[in-house]
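S.K.: Quick one, fold the following:
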Amino acid sequence: MFARTRVCNLVTSVHHLRSQTNLHNHVIAPRTLPAPAPDSHRAVHAMGPPEANVPKKWLVAFDFDHTVVDGNSDTWIYKALPDGKLPTEVSSQLVKGKWTAFMGLVFRHLHEQRISKQQLEECLASIPLTPGMEELLQYLGSRPDLYDCIIASDANTWFIEHICQAKGLGMFSQVYSNPARFDEGGLLHITPHHSHSCTTCSTNMCKKAIVAKVLQERAQQGVQYAGIAYLGDGQNDLCPSTALEPHHVVFPRYGFMLHKLLLQQSKESALKAAAGAAKPGDHESAYKELQDDYTVKAQVVLWESATTVMDWLKQNAELSA
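M.R.: Modelled structure (predicted):
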């Protein structure tokens, strides 16, 4: 597989190189920290370029499903059921924008079917990493002096922490997700991560608010980041992507929803710009010229293999440190 990359405003391009190294990180369970304040998403724009006298570390923020792992952990556990799927009486109760509440119903059904915690653990451990992710995480874990890695995911804390432990992913210092725990009877309960005022995100999570909260916490510790790298694939990754600055970078997974939404935004912007062309007939050429430019301020680099992300960080974050 070759990597197709496109960079905002022709800033840079990255060639796909595939590494063959293996992951040898010590297993460390990620920590789940308190949810950010409701309006903290506004603070993402406040972070400017780093000053010369501060450590030039990068914050690398990961979505989880379809980004770190090559599947949806929430639906992956259906494989633990005898027929591998939910019955209609459960699946029909899904309400748009209420996925976390729906997963509570899924967990209850699994419990009623006597699916044990051990069976869930074995099922989740079988979910594969995305192509090249092992190499990327091995590289990031080898440079804790340069990278702080976090997860911001709409899955749940128990799923993510178990998968990370099973696969030896000890480079994530923090996991921001919907809290989940087992009760004494063996039923898994899930609650929303936080409340927020963002009008574009689901009611239980705004990832822009999470990134802003991390920046605030790090600033209080005297850490100012040289840049932010954000890896995602889905619709809920668009909000944090639009909040980042020109010295940051967004890594959408090629062909997934985040990539499609960014393309849609760029085409809409190109149509508006082309409509204002100075001469009659120029709008078509103007549109063709502009439609491949993304409207987000951050650099945009597409990836099919996560080794593309690793190569970009080596060529940019590492060399500039």
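S.K.: Could you report the neighbour count for Gln93?
M.R.: Close neighbours of Gln93, defined as other Cβ atoms under 10 Å, add up to 14. For glycine as for every other residue, the C-beta is placed from the backbone atoms N, C-alpha and C.
S.K.: May I have the residues that are in contact with the residue nearest in space to the middle of the chain?
M.R.: With distances taken as Cα atoms, centre = their mean, the chain has Asp63 as the residue nearest its mean C-alpha position (2.0 Å). Contact analysis of Asp63 by Cβ atoms under 8 Å, 6 or more residues apart in numbering lists Ile151, Ala152, Ser153, Lys207, Leu231, Gly232, Asp233, Gly234, Asn236, Asp237.
S.K.: Return the member of those residues nearest to Met103.
M.R.: Taking Cβ to Cβ as the measure, Met103 sits nearest to Ser153 out of those, at 12.6 Å.
S.K.: For the spatially closest residue to the closest one that is not a sequence neighbour, give its distance to Gln119.
M.R.: Distance criterion Cβ to Cβ, 6 or more residues apart in numbering; nearest residue to Ser153, sequence neighbours excluded, is Phe64 at 3.6 Å. Using Cβ to Cβ, to the nearest Å, we find Phe64 at a distance of 21 Å from Gln119.
S.K.: Those two: who's more crowded?
M.R.: For the pair Phe64 and Gln119, the greater number of neighbours falls to Phe64 (25 against 16), based on other Cβ under 10 Å.
S.K.: so where's the stretch 101-250 of the chain shaky on pLDDT?
M.R.: Scanning the stretch 101-250 of the chain for pLDDT under 70 picks out the ranges 195.
S.K.: Kindly recompute the last result at 90.
M.R.: The stretch 101-250 of the chain contains residues with pLDDT under 90 at 101, 192-205, 224.
S.K.: Please enumerate the strands of it.
M.R.: Counting by DSSP state E, counting those that start in this stretch, the stretch 101-250 of the chain has strands at residues 147-152, 172-176, 180-182, 188-190, 227-232, 249-252.
S.K.: list the buried ones in the fourth one?
M.R.: This points to strand 188-190. Buried positions in strand 188-190, judged by neighbour count with 16 or more other Cβ atoms under 10 Å: Leu188, Ile190.
S.K.: Please name every helix or strand in contact with that strand.
M.R.: With contacts taken as 3 or more Cβ pairs under 8 Å, 6 or more residues apart in numbering; DSSP states H and E, strand 188-190 sits against helix 99-112, strand 180-182.
S.K.: what's the shortest one packed up against?
M.R.: On a contact count with 3+ Cβ pairs under 8 Å, 6+ apart, strand 180-182 meets helix 157-167, strand 188-190.
S.K.: Can you name the residues in contact with the shortest one?
M.R.: For strand 188-190, the surrounding residues in contact (Cβ under 8 Å, 6+ apart) are 100, 103-104, 107, 110-111, 117, 120, 156, 158, 178-183.
S.K.: Could you rerun that using 7 Å?
M.R.: Strand 188-190 has contacts (Cβ atoms under 7 Å, 6 or more residues apart in numbering) with Thr100, Met103, Gly104, Phe107, Asn156, Trp158, Asn178, Ala180, Arg181, Phe182, Asp183.
S.K.: so how far is His193 from the closest residue in space to the first one that isn't next to it in sequence?
M.R.: In this case it means Thr100. Closest residue to Thr100 apart from its sequence neighbours, by Cβ to Cβ, 6+ apart: Asn204 at 4.8 Å. Look at Asn204 and His193: by Cβ to Cβ, they are 6 Å apart.
S.K.: And for Val214?
M.R.: Distance, Val214 to His193, by Cβ to Cβ: 14 Å.
S.K.: go on, Ser202?
M.R.: Distance from Ser202 to His193, by Cβ to Cβ: 10 Å.
S.K.: So for the two, which sits in the more crowded spot?
M.R.: His193 (27 against 18).
S.K.: What residues does the more buried one make contact with?
M.R.: Residues near His193 by Cβ under 7 Å, 6+ apart: Ala35, Tyr176, Ser177, Asn178, Asn204, Met205.
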